Each structure stands twice: as C-alpha cells, then as structure tokens.
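Novice: This is the structure alone, sequence omitted:
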C-alpha cells in the first residue's frame, strides 16, 4: 500500500510540474493573451499538491499502524498484552532529547507528540497511543 501511496505522490508532483512547464511554454508563445487564471491554478497546485499528497501518505501510515495492532492481536490472541505494552510506552517519561520529523517513524510512539497541537496530528506518522489502546480494548 505504501508503494501505491509513494507512486501517487510522485504522479501528483509530476502532474504539477507538467502543468507548470506547459504554462511557461504557453506564456512564451502567447504573451498578449490573458493566462492569469492558469498561472493562479498552477501556483495553487504547486503549493497544495505536495501538502495533500503528504496528508494522504500520513493517513495511510496511521491506518497501517492500526492494522498492525489488529494483526498482532489476532496472531497473539492476547490484545490485553498489547494494551499493556502500549500503556507502558505511552506513560514512559523518557523523552527523546532532540526529536526529528525525519526519524519519527522509527519509534513505537510519536516522539513529536508533545510538540504542536491537534493540527500536528494530521502530519503524524503514528496515531495517538490512546486511540490505539482504545481500538485494541474494543477487540
């Protein structure tokens, strides 16, 4: 699934680049015609496309975490053990000294959790541990 998401992000970037190049080629040919709306659309696509693509990538990553939890509960047939482990991780007061967004995906729980607000959860690679625990308890 992540391969598909990465391909989707690449296709979006390629489309934005193509539209932008087409705009400049067209602009060089037809200086007298108004093409302002196409420029505005191109600029908006350049700004919004990577943002939307990353939001999709992060959402898929969070869903994969939920699926991994469900698979682990199914394989072990002991979701309470997973809940206990996640609770220990969540309540561990050991903090990462200098958390980096580049390495956040390598941790069991989000090291950037205390940085930012609810909006930062959109850009998180991990769902909140409390939500993971709640879903496991419902099994």
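Specialist: Perfect, I can see it now. Keep in mind the model is a prediction, meaning the values are calculated, not measured. Numbering: from 1, shown residues only.
Novice: What does the pLDDT read for the residue most central in space within the chain?
Specialist: The C-alpha lying nearest the average C-alpha coordinate of the chain belongs to residue 58 (C-alpha atoms, centre = their mean; 1.5 Å). Looking at residue 58, its pLDDT stands at 85.
Novice: and what of the one 5 residues further on?
Specialist: pLDDT recorded at residue 63 is 91.
Novice: Who are the contact partners of the residue nearest to the centre of the chain?
Specialist: Contact partners of residue 58, counting by C-beta atoms under 8 Å, 6 or more residues apart in numbering, are 122-125. Placement of C-beta: from N, CA and C, glycine included.
Novice: And the furthest pair within these?
Specialist: 122 and 125 (11.1 Å; C-beta to C-beta).
Novice: Just confirm residue 56 contacts residue 6, I think it does.
Specialist: No - counting by C-beta atoms under 8 Å, residue 56 does not reach residue 6; the two are 10.6 Å apart.
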